[in-house]
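J.: here are the coordinates; sequence isn't available:
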């Protein structure tokens, strides 16, 4: 049996989902996404669990889409792109609607679609060595789907800058713009403190309190999700995206003109 890409551990009131696919920097492959769903389902059903901590192995929290899965043998590229886009949309909404508060524990790098996970989580703790970047425009696409969870968190000025520049920014900058809750030198200790505070709440109280913070996000999410999911899929099968992704995999500069 293949090793799991997402490890599940429950310790008292805390369920830990650990992204454990370091070979592709915890990219959002179909298998990893499905295992995240399974972990969230298991945590919600486990008696006594009050919070989910989403962490990672390796130096990267999540590198975004798994570009190796952008095409499948014998499959229509457009259909594959639509399917992958819906996978991400479904996952982000699942985190938002979970009755359990979800804490992201980041002690590494986050790129592109990985920032969508960050935006979907209720609390985000990031080590000061962590870096973030929205690099989609550099490969001919856009942060279409993940804008559903990022725009409600980031300041308008920060989004206007980093959506288009692809620049890296650190944990302190991410905290200043609202994407990160706490930038810290000790991720484990900070997460433990927050999880302990959450554990004092009742299941009903926690679920109802979280829902107050996500209601407007989910309302806007549902209004715009299908349009942005389709846009994402269309961009991924465009000529510029093909060139951008090929250049990325070949470690060269893209030729947007030719």
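T.: Structure's in. What do you need? Worth saying up front: this structure is predicted, and the values here are computed from it rather than measured.

J.: which residues in this structure form helices?
T.: For the chain, the helices defined by DSSP state H occupy 30-45, 77-97, 114-120, 147-150, 156-165, 171-176, 187-199, 203-236, 239-249.

J.: Any idea how far the last one is from the middle of the chain?
T.: In other words, helix 239-249. Here the centre of mass of C-alpha atoms in helix 239-249, compared against the chain's by C-alpha atoms, centre = their mean, to the nearest Å, lies 22 Å away.

J.: In CSV: the helices of the chain, plus distance to residue 135.
T.: Every C-beta, even on glycine, is put in place using the N, C-alpha and C of the backbone. Formatted as CSV, the helices of the chain follow (distance: least, C-beta to C-beta, whole Å):
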stretch, distance to residue 135
helix 30-45, 19
helix 77-97, 16
helix 114-120, 10
helix 147-150, 14
helix 156-165, 10
helix 171-176, 15
helix 187-199, 23
helix 203-236, 14
helix 239-249, 9
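
J.: which one of those helices is the most hemmed in?
T.: helix 114-120 (a mean of 26; mean count of other C-beta atoms under 10 Å).

J.: which helices and strands does that one pack with?
T.: Helices and strands touching helix 114-120, by 3 or more C-beta pairs under 8 Å, 6 or more residues apart in numbering; DSSP states H and E, are strand 60-62, helix 77-97, strand 102-106, helix 147-150.

J.: Among the ones you listed, show the one with the smallest mean pLDDT.
T.: When the helices and strands packed on helix 114-120 are compared by mean pLDDT, helix 77-97 comes last with a mean of 92.

J.: tell me the angle of it relative to helix 203-236?
T.: 160 degrees (axes from the mean of the first three to the mean of the last three C-alpha atoms, to 10 degrees).

J.: Would you convert the helices and strands packed on helix 114-120 into a markdown table that also reports distance to residue 140?
T.: Output for these, formatted as a markdown table (distance: least, C-beta to C-beta, whole Å):
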| stretch | distance to residue 140 |
| --- | --- |
| strand 60-62 | 21 |
| helix 77-97 | 13 |
| strand 102-106 | 27 |
| helix 147-150 | 17 |
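
J.: which residues sit in contact with the residue nearest in space to the middle of the chain?
T.: Nearest residue to the geometric centre of the chain (C-alpha atoms, centre = their mean): residue 117, 1.9 Å. For residue 117, the contacting residues are 54, 61, 62, 91, 92, 95, 104, by C-beta atoms under 8 Å, 6 or more residues apart in numbering.

J.: Quickly note the distance from residue 193 to residue 29.
T.: 33 Å (C-beta to C-beta, to the nearest Å).

J.: sorry, back to before: how close does the residue nearest to the centre of the chain get to residue 48?
T.: 25 Å.

J.: what do you get for residue 211?
T.: The value you get for residue 211 to residue 48, if C-beta to C-beta is used, is 21 Å.

J.: so what's the residue nearest to residue 213 when sequence neighbours are not counted scoring on pLDDT?
T.: By the measure of C-beta to C-beta, 6 or more residues apart in numbering, the closest residue to residue 213 outside its immediate chain neighbours is residue 122, 6.9 Å from it. Looking at residue 122, its pLDDT is 98.
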